[in-house]
Each structure stands twice: as C-alpha cells, then as structure tokens.
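mind looking at a prediction? Sequence and model below.
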Amino acid sequence: MLLLGTWWSGLVSAFLASTYSVYASGDVSPALSACRKIAKSVSSASGVYYPGMDMSSLRYQYTADNAHFMVSSTQNSTCSVEPGTDEDVSLILQALSKYRPPFAVKGGGHTSNLGFSSTRGVQIAMSRFTELLYDESTTYVTAGAGLVWDDIYNLLVPLNRNALGSRALGVGISGFILGGGVNYLSNQYGETIDSVVAFNLVLPNGTVTSVTEDDKDLFFALKGGFNNFGIVTSFTLKTYPQGEVWAGELLIPGSSVEPFNAAIANFFSATQDPKANLIVQYRYQNSSLSFETTVFYNGPTPPSGVFDEILSIPGLAGTPSPTGFWDTVSSSPTRLNFISKHRSSFAFDDSPVQALTVSMLDALAEETQTLGATATSLSASFVMYMIWHNLPDFLEHGPESAWPANRSVRQQPVNGWALWNDAADDKTILGAMEDSGDRLAQHAISQKQDLSGVSMYSNISPADTPLEKMYGGHLPRLRRIKRRYDPSNLMSLCGGFKF
C-alpha cells in the first residue's frame, strides 16, 4: 500500500461525497453495469468496492484503490476492482468489453497524468498481485504487478542480487517497466525493459498468455507500449550481482552555480565508467536556487578522480561513503514522501537534449529560476529540473523495442517537476513548464544539437505529448500489433498514451 496517514483520511471524505451521487441518482451507467457484472462473475480471490459502503474497512479499500501518488492524479471511480487471479482479470475484461465503460489499471499509482491510471468508470487496482519469487538456478525474479520496487529490493539485495528498478521509494513496478525504466544501473545493463524475460499478459479478449522473445511483436510492443495490449499481471526479470555501493547526497548553494555547472558538465563529458552516475537537481524553493546531487558508484570505492571536481565545489555539504544499495534508494532526494505530504497538483515534463554542456546547464539554471519565480508567484511551492548521466551507448544494451524510437541516437532527458496547491493555476503553471522546456530545446538546437531523432521518455512526458515524439517510426508497427490483438479497441477505453 502507498503512504498512509492524514493524506488518506483527507481523501476518504472527498471520495465518498463526490461519488455517492452516482447511486443517489438511480442511473445505471455502463460503468455501474460493468461493476455489477464483475461482482457477480469474479471468484472470492477478488473484490469489488463502491463508495458509500457501510463498513469502514470496505470504504478504505475503495479509497486505497483510487488513491494516487498525488491527489491531482486521482479520480473518483464508480467502483474499484481488485482482481486476485489471471482468470478473474479475464472475466473483468469480458465485462468491460460487454458494457464498454471507461476504466483504468493502477499498479503503484505514481503517474502524474490525470486519467492514466485513474478513472470515473471502473478502477482496476492490481494490489492483490503480490507474487515474488527468486529462482536461484536462472537468477530470474518473478514479480506481481501490484508490487513496488521496495518489495523487490528487500528480497534481492540481501541475496547480493538486484533488479533494474526505481531510484526512489514507493514506485510501482508495472507502469515503470511498461514505460521504459530509468535506473541507477542503466549505463551498465540498460533500461528495465531490457531486463524483461517474460510478461504474463491477459489479452483484451481474455486469453492469458506468457509473452517472451519468441513472440517478436508483443515482446517488442510491451517494452514501452504501456497498457495498449491488455493487462500485465506479472513480470519475469533478469537480476544482476549487487554488492556494496559508494553514494551520498550533496547540497550545494545557488551561489556556487558557476563551479557547479562546470563540474557537472565535465563529469558528463569525461566519465565513461558505466558504474558511475549522478542524479542532479536544479531546485527553486523559498525564492532561491539551490542544487542537490546524488553521487553513485556501483562498487565500494570509485576510482580516483571520478568525483573529485564535484566534491570540491565551494559550499558543498555532504560526504559520500560506502553503503548498501537499499540505503541509497531509501534516502533518495526523489523519495515520494516529500511530495505526498502536500494536498497539491503535481506534474512531470521532459525536454530531451543530446548533451549537457556548460552552456546547456547555465540555461537550465536560468530556466529553473524563471519557471520557479513564475510558478511560486502563484500557488507553487517547489519547482525542479532533474538530470542524470546517460552514456552514449546506454540504450544499446537491449534489442529494438516500442520505446525508444531509435536506440542508436544519444539522448539525455531533462525532467521538469512542479508542485502547487490551487487547481485554478493548473493551466498557467503547465503552460509555463511547457514554455520553459521549449526554450531549453531551442537552446540545445542553437548549440548545434540535433534533436530530430531523440525520443521523449514516456514515463515523464505530459499527457498531451504527441506519440511521434516518443515512438517515432515505430508507430505504424505498434498500431498494426494493436489492431491484431485488440480488434474491438477495448484498451482505448483505458487511460494512457493510445496507439
């Protein structure tokens, strides 16, 4: 379950008040008809929950099923469904096919895009799919779609193994994998999609199948293609050796922007060691610019010189040291509980470039201040741009997949964040984020960076991102596969990027 406490209790009354009217009106919508059909069809391994149920435990299940990482990503569904078996997922899809209401499938609920895993119709929560098995003979791990990466790390790291997962606590595995999967070990082993051995998939027609590399189309399509092809109930992943790491968080004042940008640019251009990485945050909060950087080396001690310039930045606070991988993730500055304490709107954006030069980082610092000043003059409390180190060949660890459009093109995501309180500011702040990202892209182009083949990273892209910017020339093939496996276009009723 995601984070409990006052955040949840605040959601309960809002959910029940706004959704009970569905029943008070006496109308039987396609969604309500589907809910009733599902409730009659599924086994005792599954559950169906409605707003306004008498027992507090049942109301809690409904609330938990609908709740997301941020309230701004949450909607009040007609009912929530927790399938417990593949067969029940099949029955659910059959009911949805009959009545064709809007629906959503939620793993961890981390998306910032409203409607991608939330709905006013039938909310499917995968929380009962919690299988977690490690096979010593193959070193593969099989994980249910309702798990978060914390669960997998807690199993594997004590065994000195690891999976290519989230760099923050509380992130669900499903959307993360189906969208690509940036991770600390990307430069060594690739994105999370490159580690997938098999997807256990329930197709839109209700057929349960295991999708492996033998199925060239579906295996390609599920790697970055999200929920267009059915509902994945579990993933089988490769694991990798994992020992002690060297890591730590560094805080740098905005007054050190020049030496900071020089050190970061030098690291990005000079460092070819795939075990070395940075997560860099340009932050605007309390009317000031500052920087937070996680240094990471996949080993107990980095080679001399790798991080020296960064560690000598004036005003730096923090001391990296040998530690466990789990300790690094659990102390990450991107951890979700920083965000979830706010009753706020939240958005990601992506402005991919090819190289993070000093000039590009100067522009990034300027844009952080410009966007921050605009957003905090309204109801925003926090604005950030986040970058990380991608080696030129980091996408060449795996075969062709739905995302990215071209694995041979070097790309460097620039991940914008904003957090604000007043829904009336949504349009203005989202527009300011888009304008800021456009200016960064134009600056990169002015520096002779060719962005024509760069794929926006779908896991951090806004809901209105054109599919061509993420999937490029793969779109015709993806649409053919979609028509083959979903001829009735059932999955178009489910939120997300649609082929």
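Now that the structure is in, tell me what you want to look at. Numbering: from 1, shown residues only.

from here on, contacts and neighbour counts on C-alpha atoms
Fine.

without its sequence neighbours, what residue ends up closest to residue 190?
Counting by Cα to Cα, 6 or more residues apart in numbering, residue 397 is the residue found nearest to residue 190 once chain neighbours are left out, at 5.1 Å.

how many neighbours does the one you found have?
16 (other Cα atoms under 10 Å).

now do the same contact list for it.
189, 190, 194 (Cα atoms under 8 Å, 6 or more residues apart in numbering).

distance of it from residue 188?
8 Å (Cα to Cα, to the nearest Å).

residue 476: how many residues sit nearby?
Neighbour count for residue 476, taken as other Cα under 10 Å: 12.

what is the mean pLDDT for the helix or strand containing it?
Element membership of residue 476 [criterion: DSSP states H and E] is helix 475-485. Mean pLDDT, computed over helix 475-485, is 98.

likewise stretch 403-421?
Mean predicted confidence for stretch 403-421 is 92.

on the three-state scheme, residue 348 is what?
Three-state secondary structure (criterion: DSSP: H, G, I helix; E, B strand; the rest coil) places residue 348 in strand.

bridging residues for the nearest residue to it once chain neighbours are set aside?
Spatial nearest neighbour of residue 348, excluding adjacent residues (Cα to Cα, 6+ apart): residue 417 at 4.9 Å. Using DSSP bridges, the bridge partners assigned to residue 417 are residue 348, residue 384.

what is the host helix or strand of residue 371 packed up against?
Taking DSSP H and E as the criterion, residue 371 maps to helix 358-376. Using 3 or more Cα pairs under 8 Å, 6 or more residues apart in numbering; DSSP states H and E as the contact test, the elements touching helix 358-376 are helix 257-270, strand 276-285, strand 288-297, strand 380-388, helix 426-446.

quick check: angle from the shortest one to strand 276-285?
Meaning strand 380-388. Here strand 380-388 runs at an angle of 160 degrees relative to strand 276-285 (axes from the mean of the first three to the mean of the last three Cα atoms, to 10 degrees).

what's the answer for the first one, then?
Regarding helix 257-270 and strand 276-285, their directions subtend 150 degrees when assessed with the same axes, to 10 degrees.

now for helix 257-270, which elements pack on it?
Helix 257-270 sits against helix 308-311, helix 358-376, with contacts defined as 3+ Cα pairs under 8 Å, 6+ apart.

and what of the longest one?
Using 3+ Cα pairs under 8 Å, 6+ apart as the contact criterion, the elements in contact with helix 426-446 are strand 345-350, helix 358-376.

closest to residue 470 out of these?
strand 345-350 (10.6 Å; Cα to Cα).

so what's residue 362 closest to, chain neighbours aside?
Spatial nearest neighbour of residue 362, excluding adjacent residues (Cα to Cα, 6+ apart): residue 261 at 6.8 Å.

report pLDDT for the one you found.
98.

next one: residue 154
pLDDT at residue 154 comes out at 97.

give me the neighbour count for the residue nearest to it when sequence neighbours are not counted.
Sequence neighbours aside, residue 326 is the residue nearest to residue 154 in space, at 7.7 Å (criterion: Cα to Cα, 6+ apart). Using other Cα under 10 Å, residue 326 has 21 other residues around it.
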